[in-house]
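Asker: the sequence and its predicted three-dimensional model are supplied below.
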Amino acid sequence: MSKLSNQDSSGPENAAQESEAEALMWQAIQSAVESPQDLKQCKSIVQNNPEDVLLTTGMNKNVLTSLTLMRLLVQMEEKNSSLKDKLDTCWAVEESLRDQIIRLEAKLNLAGTNTCPSSEHFKLLLADVHKLQSAVDVINKNTSEVARRLSAKSEPPAPQGRLTEA
């Protein structure tokens, strides 16, 4: 492995690029490696060399496959977290719009009890209520669909028959 680039990857510019999840991944790897120095060297070599170079210099293909799978898992968890945040934001927007509808309906009721509200004012308020209700319905439909997809993807697959050795 002497042909591999072993630059120090713990500098400030690289630390900022490393996500928290990836840092946790490397901590898990560290627990399986003999010493922190070994981890630092392994991490640097893997981060600074293409996979084909690592393979030609003798790195175990299973180790590279494991690293690739771990990175994919980290990326998927980050995307899942981002989607959940967006979903929460959509629910909050929907709730806010529903609150606005309630306020407009209250204004309409109040306008109806006042002496002769202008029909134009009433029509404008009613149009606002209809626009908000349409927006809420669209947001609710989209948010519910995203929530359904997220819950379907997060459920573990149904157990299948065990493989038997021949």
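Answerer: Received the coordinates, thanks. Numbering: from 1, shown residues only.
Asker: which positions in whatever helix or strand Lys141 lives in come out as buried?
Answerer: Using DSSP states H and E, the element containing Lys141 is helix 119-154. Buried residues in helix 119-154, counted by 16 or more other C-beta atoms under 10 Å: 125, 128-129, 132-133, 136, 139, 143. Using the backbone N, CA and C atoms, a C-beta is placed for each residue, glycine as well.
Asker: just the pLDDT at the closest residue in space to Glu105 that isn't next to it in sequence, thanks.
Answerer: Leaving aside its chain neighbours, Glu105 sits nearest to Val129 (6.3 Å; criterion: C-beta to C-beta, 6 or more residues apart in numbering). Listed pLDDT for Val129 reads 80.
Asker: so Val129 is in contact with Ala106, correct?
Answerer: No: when contacts are counted by C-beta atoms under 8 Å, Val129 is not listed as touching Ala106 (10.6 Å).
Asker: and the gap between the residue nearest to Glu105 and Gln75?
Answerer: 43 Å (C-beta to C-beta, to the nearest Å).
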